[in-house]
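K.L.:
coordinates for the following, if possible.
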Amino acid sequence: MVELTLPQLSGLLLIAGAAIFWSVIVGAIVSTMRTGSLPFKDPSTVPALEFYQSISAKPRWWRAINLVFSTGIVVTALGLTVLQAVLDGTSGGAFSQLGLVLFLVATTLWVGQLIFNLSMTSWAASEVERTGTMPPTSEAWPLAFDRLVNTYMVLAYLATALFGAGILTSELLPGWAGWLAVVAGLAGAASVSLTGARAAIPLLIHVVPAILGVLLLNQSG
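P.N.:
Okay, the predicted model is just below:
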């Protein structure tokens, strides 16, 4: 039986989190190639009614995308928790602790959105299908959750930058890896803050953790 060190366990979880998150993107691409359109509409680019109609047309896709995205984020959070334990007690411990707090807050926001999407948003979509009209206040939900996703992204990118600073000061990984996390994290947070939905691509958040994961997994001890 192979025994993993803490850095290797962290690396495995970070790679798995990214792979899980990206898997639904691959599925969406395949579906788009087959059908000529995305499984459901982007709420930031279409009217709320059209967004709900797209959910009611493909409810399984809606559930799958929400569940898979959330699973990938939670697994990544576990990987960062283990990485923080590795960095704890080193010169990078303070940076990693703050980074973990930010990512856990971001994860909590996302999971809250998951619960709402699988309950209230799905109910609103079924009401649109049944009556042809949106329930009261539901027209504002897509915009509100679009902003919540942006908040999640800013926090997750800042967490990435802080973990990068922790890696740099602790010398756990090569210096370029720490700088990559710092620069990508700060640039990502700034881009989302300045451009909002136009830069809202949560997929990119998992690129740096996946790279760090590969490096951690290759550590011998």
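
K.L.:
going by C-alpha atoms from here, please, whenever you check contacts or count neighbours.
P.N.:
Fine.

K.L.:
number of nearby residues for Leu109?
P.N.:
Applying other Cα atoms under 10 Å, we find 16 residues neighbouring Leu109.

K.L.:
helix or strand for it, which one?
P.N.:
Following DSSP states H and E, one finds Leu109 within helix 93-116.

K.L.:
which elements pack onto that helix?
P.N.:
helix 59-87, helix 141-170 (3 or more Cα pairs under 8 Å, 6 or more residues apart in numbering; DSSP states H and E).

K.L.:
so, low pLDDT: which residues of the protein?
P.N.:
Across the chain, the ranges flagged by pLDDT under 70 are 1-2, 36-39, 196-203, 220-221.

K.L.:
how about the closest residue to Ala189 other than its chain neighbours, what does it touch?
P.N.:
Spatial nearest neighbour of Ala189, excluding adjacent residues (Cα to Cα, 6 or more residues apart in numbering): Val154 at 4.5 Å. Contacts of Val154 were listed using Cα atoms under 8 Å, 6 or more residues apart in numbering, and they are Gly188, Ala189, Ala190, Val192, Ser193.

K.L.:
quick check: Val154 vs Val105, distance?
P.N.:
Taking Cα to Cα, to the nearest Å as the measure, Val154 falls 11 Å from Val105.

K.L.:
got it, and Ile20?
P.N.:
20 Å.
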